[in-house]
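J.: Here is my input, please return the structure:
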Amino acid sequence: MAYGEQQSRYDRLKSIAAVTLIHAGIGYGLVSGMGVDIALSTGDSLNVINIMPPSPEPEPAPVQAKAETEQGAASPKNLKSKATPVVAPKPKVIVPKINPVIAAPKAGEGNQASAGASNERGPGSGSGGLGDGTGSGRSGDGPGGGIASAPRHISGALTRRDIPREIWKSTTRGKLFVVFTVNANGRARGCRIKKSSGNAALDEITCRLIEERFLFEPARNRNGAAIAQPYGWVQEWWRDGRGPQFTR
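T.: Next up is the predicted model:
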């Protein structure tokens, strides 16, 4: 019975294949008889439809605004150089000091920055407009007017009684030479030892007594004005205690 069923199934398959071939042949005959080109007909019936969205329109180029002023251009070529490793120091600003003290070019007894009797302002300190002297000369620095007369000793003397006994008994004593200035008032100032007597204590007493006691007729210039002038004095300390004087 199994063999019979297998045989009937095989027969059915052959029948189906035969019917299929017959139908295919009939169909091909019909198409060929009608003169239809299958490839051409198929090609003409295909229509391509573009379903992609349209390309966007190009954006307009940005408009560059015109500058209000002309832009700076590059500078021309220059020499290639490099700065040195040494940096220049910053300059120091020196603020001038203001001196509240009135200073004159030559020392005097007043309170002005200059001295003189002229109504014209100038660098001089005398009655003229030139020089820095104290007289009426031009460009010198002396008292001015020249020296018409030297100082002259009027009064004042030194004796043995002026020297303390303990100093006088010292065997070291002799000729003493001193220099001082006779001011316009006739007084001796600034006494200093030029040649010692050999006894420092005796030298000091001599200078002190000269400044305390001596009075001079001061030196005068050609205009008759009293002026300061240096003066030399020799004191010989011998037994009588007196000594000659002389003008230097």
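J.: backbone phi and psi for the closest residue to residue 184 other than its chain neighbours, please?
T.: Nearest residue to residue 184, sequence neighbours excluded (Cβ to Cβ, 6 or more residues apart in numbering): residue 226, at 4.0 Å. Using the backbone N, CA and C atoms, a C-beta is placed for each residue, glycine as well. Torsion angles at residue 226 (phi, psi; degrees, to the nearest 10) stand at phi -70, psi 140.
J.: What's opposite residue 226 in the beta bridge?
T.: residue 220 (DSSP bridges).
J.: ok, now how distant is it from residue 164?
T.: Note on residue 226: its distance to residue 164, by Cβ to Cβ, to the nearest Å, is 36 Å.
J.: With neighbour numbers in mind, choose between those two.
T.: residue 226 (18 against 10; other Cβ atoms under 10 Å).
J.: got a list of what the more buried one touches?
T.: 184-186, 218-220 (Cβ atoms under 8 Å, 6 or more residues apart in numbering).
J.: repeat that with 7 Å
T.: Listed by Cβ atoms under 7 Å, 6 or more residues apart in numbering, the contact set of residue 226 reads 184, 218, 220.
J.: Would you check how far apart the second one and residue 150 are?
T.: Applying Cβ to Cβ, the value for residue 218 to residue 150 is 9 Å.
J.: Residue 212: what secondary structure?
T.: Under DSSP: H, G, I helix; E, B strand; the rest coil, the three-state class of residue 212 is helix.
J.: Alright, I will stop here.
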